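A.B. asks: Take a look and give me a structure for this.
(chains A, B, C and D)
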There are 2 protein chains.
Amino acid sequence: MADSRTSRGSAKRDRLVAAAVRTFHEQGVEKTRLADIAEAAGVPLGNVYYYFKTKDQLVEAALGSHAGALAAHLAALDALPAPADRLKALVQGWIDQSDVAARFGCPTGTLASELDKRTDGLDRAAADTMRPLLDWLESQFRALGRPDDARDLAVALLSAYQGASLLTNTFRDPALLETEGRRLQSWIDTLARPTPPGA
Amino acid sequence: MADSRTSRGSAKRDRLVAAAVRTFHEQGVEKTRLADIAEAAGVPLGNVYYYFKTKDQLVEAALGSHAGALAAHLAALDALPAPADRLKALVQGWIDQSDVAARFGCPTGTLASELDKRTDGLDRAAADTMRPLLDWLESQFRALGRPDDARDLAVALLSAYQGASLLTNTFRDPALLETEGRRLQSWIDTLARPTPPGA
DNA sequence: GTCTATAGTTTGATAGAC
DNA sequence: GTCTATCAAACTATAGAC
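C.D. replies: Residues are numbered from 1 along each chain as shown, chains lettered A, B, ... in the order given. Here you go, the predicted structure:
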C-alpha cells in the first residue's frame, strides 16, 4: 500500500522527529531521555536506534524540522503584497503563540540557547536555523525603504521577540509577549516613513 | 587569623558558589557535573556535600549570587542623578560585556531559560531573580516622565537586551549586542520627550 | 525492519576513616 | 571539617532473537 515515505525515511521516522521536536521544546534537550521520545512517538526504545544512531542525530533532525517549518511559514507570508503587512503578520503569529511561549518559550530560541552551551559541532547548527529568518527580515526592511539599517532593524525585531519570549516564559505571563508584540506592530507602521526607528 | 566568613558560611563555601556561577554560565546547569564545580573551586568532590546537600542547592546559591550582584550594581547606578543616565549606563554595561555574551550568553538569561524547563520549584526562582531588575527599570521610566507605560517600556528594554544576548551568543558576534545597545541608548534619549516610544 | 534485554558509562549522593 | 572510596540510579547505546 502507499506509505507516506519522505526522502529521508519512513512514517515512523517522521513520528520520531515530531516527538523529538515537541519533547525537546517542552523539557529541553539535556533533560530529555531517548525513552521519552520513544514513548511520545509510540516506538520501542531499541527501535529508535534503527533510525538515529545517536541522540545528537535526533537533535539535528529536530533543527531540520524547525528550519523546514520556518521556510514554509515565510513562503506563506511572501504572498502578502506589502512588506509591512508581512512583518506585522509574522509578529501576529508570535502573539498567537504567546500561551505556548509562556509555558515553554520560543521553540527555536530555547533550543538555540541550550545548544550554544555545547562545544561540539552542534553549537553552530542553531545559527544556521536562525539565519534564514534574519535574512528574510532584512529583505523586508529593505523593501520597506530602509536599505541602510535593514540588518540592524532585523536584529532589533528578532531580538525583541526572543527576549519577550524569554521574559514571558520566566514570568509565565503571556500578556508580556502580547503587549510587546502590539508595540512592535505599531513600530513597524512608523518605519515606512523616514522617522527614527522606534516602537 | 581573620577568615572571610560570610553570614552563610566559610570562604570555601564562597569559592564553591563562585565556581558554580561560572560553570553554570559556561556549560549550563544540566551539563555541569558536581565534579566540575569541585575542580573549579579546588575542593574534593566529597567535600562539596558538606556545604550543599544537593546539586539544586548549588543552583539556588548561584541564583542568590546573581541577585546580590544585580542589587549592588543597581545601587551603584542610583548614584547617578538623571534616570536617563542611569538607564544608559546600565545598557553601557551590557555593551561592555558583549564578548562574554557572544561566548556564553547573558548569565542570568541563559540560567533562566534553562530553569524554565524544570517542573520542580526551581523554575520560579529565576523569576524572583529577574523581577527586581524589571521593577528598577519601571521606576526609572516612571522618573523619566512615562508613568503610563513604564512597565511596558521596562519589559521592552529588558527583552531587547535578553534577545540581543541570545542572538549575539548564537551567531558568536559581539557586534550584534553592541549595535543594538547603542540603538537602545539613543532610544532612551528620545523617551524624555513625549514622543512615541522608539529607537 | 522491529523489539527485548542488557551492557557500559556517567553521575548524584553517601559512608565512614581521619 | 575534610577527603577517599563507593554505592545506586539513570541513561546512551548495542547485541541478538524474531
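
A.B. asks: alpha carbons only for contacts and neighbour counts from here, please
C.D. replies: Noted.

A.B. asks: do stretch A:12-24 and DNA strand D meet at all?
C.D. replies: No: taking C-alpha under 7 Å from any atom of the strand as the criterion, stretch A:12-24 and DNA strand D are apart, separated by no less than 11.1 Å.

A.B. asks: Packing partners of the strand or helix carrying A:Ser165?
C.D. replies: Assigned by DSSP states H and E, A:Ser165 falls within helix A:150-170. Judged by 3 or more C-alpha pairs under 8 Å, 6 or more residues apart in numbering or on different chains; DSSP states H and E, the packing partners of helix A:150-170 are helix A:98-104, helix A:122-143, helix A:174-191, helix B:107-115, helix B:122-143, helix B:150-170, helix B:174-191.

A.B. asks: low-confidence ranges in chain A?
C.D. replies: A:1-9, A:193-199 (pLDDT under 70).

A.B. asks: re the thing from before, and of the helices and strands packed on helix A:150-170, who's closest to DNA strand D?
C.D. replies: Closest approach to DNA strand D among the helices and strands packed on helix A:150-170 is made by helix A:122-143 (13.6 Å; C-alpha to the nearest atom of the strand).

A.B. asks: which outside residues touch that closest one?
C.D. replies: Around helix A:122-143, the neighbours that count as contacts under C-alpha atoms under 8 Å, 6 or more residues apart in numbering or on different chains are A:60, A:63-64, A:66-67, A:70-71, A:74, A:83-84, A:86-87, A:108, A:111-112, A:115-117, A:147-148, A:150-151, A:153-155, A:158, B:170-171.

A.B. asks: If any of those residues are buried, put those into a PyMOL selection.
C.D. replies: Those of the contacts of helix A:122-143 that count as buried under 16 or more other C-alpha atoms under 10 Å in any protein chain shown are selected in PyMOL with:
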select buried, (chain A and resi 63+64+66+67+70+71+74+83+84+86+87+108+111+112+115+116+117+150+151+153+154+155+158) or (chain B and resi 170+171)
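
A.B. asks: Just confirm A:Val29 is within a helix.
C.D. replies: No: counting by DSSP: H, G, I helix; E, B strand; the rest coil, A:Val29 falls outside a helix, being coil.

A.B. asks: is it true that it touches A:Glu114?
C.D. replies: Yes: when contacts are counted by C-alpha atoms under 8 Å, A:Val29 is listed as touching A:Glu114 (7.4 Å).

A.B. asks: What is the neighbour count of the residue nearest to A:Ala20 when sequence neighbours are not counted?
C.D. replies: Distances taken as C-alpha to C-alpha, 6 or more residues apart in numbering or on different chains put A:Ile37 closest to A:Ala20, at 5.6 Å, once the chain neighbours are dropped. When neighbours are counted by other C-alpha atoms under 10 Å in any protein chain shown, A:Ile37 registers 25.

A.B. asks: what's the helix or strand for A:Ile37?
C.D. replies: helix A:34-41.

A.B. asks: Mind giving me the packing neighbours of that helix?
C.D. replies: helix A:11-27, helix A:45-51.

A.B. asks: Buried deepest among those, which one?
C.D. replies: helix A:11-27 (a mean of 20; mean count of other C-alpha atoms under 10 Å in any protein chain shown).

A.B. asks: what residues does that helix touch?
C.D. replies: With C-alpha under 8 Å, 6+ apart, helix A:11-27 has contacts from A:3-5, A:29, A:32, A:36-38, A:40-41, A:43, A:48, A:51, A:58-59, A:61-62, A:65, A:104-105, A:107, A:110-111, B:117-118.
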